[in-house]
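Colleague: Give me a model of this one.
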Amino acid sequence: MRVLDNIKKRLSDFSFKRCKSPKREVKAINIKNAKTVGIVYRSDDDEVKELIERYVKFLKGYNAKVKTLGFYNLDELPRYVTPKLEYDYFVKKSLNWSLESNAIEVENFIQQEFDILIDATVQQDDILRFVTKQSKAVFKVGAAGVKSVEDLDFAINLKTGEGTRQLMKGLDNYLHLINKN
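Modeller: Purely as a prediction, here's the structure:
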């Protein structure tokens, strides 16, 4: 199985290098002024999922329309998970050999022109990197060091051992400072 995983990883890397980012005009947007926000994350981790749910409620306080896309590394969604208006999910079963998803939820998410896209992954993620790169969002933010430089417009440096909680606090802090009126 290890050989098969290595082949998939190499195919994914090759496909990712050939994958083009959409042409877009990058514009730094304050979180209070964002009308639409997209969040992509690994939903396998219950702590991360809870943080994202709380952040969605927080963003709704600014009257922002929020859409999240979570990935479960399973063949099917767990029984206790049901997609809702703001929450979409995709699973390992929808991935091709180069680890790109052909799920309609992913395609719809990528096509939306969010004011801000938050990539809440703090470790290298061979699956969600395609979503971030192909997104048509105006302003893409996330953790530094785990994505290619050209994938994000603004990145937070995390110290060793820091996780999604520190990323979200840092993003929240800086997104309130950008273009402050």
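Colleague: Now for the residue nearest to the spatial centre of the chain: which residues touch it?
Modeller: The structure's the chain has its C-alpha centroid closest to Val40; by CA atoms, centre = their mean the separation is 2.4 Å. With contact taken as CB atoms under 8 Å, 6 or more residues apart in numbering, Val40 is in contact with 68-71, 109, 117-121, 128, 131-132, 135. All C-beta spots, glycine's among them, are computed from the backbone N, C-alpha and C.
Colleague: cool, and Asn157?
Modeller: Asn157 makes contact with Ala144, Gly145 under the criterion CB under 8 Å, 6+ apart.
Colleague: Which pLDDT value belongs to it?
Modeller: Asn157 is assigned a predicted lDDT (pLDDT) of 88.
Colleague: so where's the protein shaky on pLDDT?
Modeller: Counting by pLDDT under 70, the chain has low-confidence residues at 1, 4-5, 7-19, 22, 96-99, 146-150, 180-181.
Colleague: Tell me where it has helices.
Modeller: 2-18, 46-60, 104-111, 128-134, 164-177 (DSSP state H).
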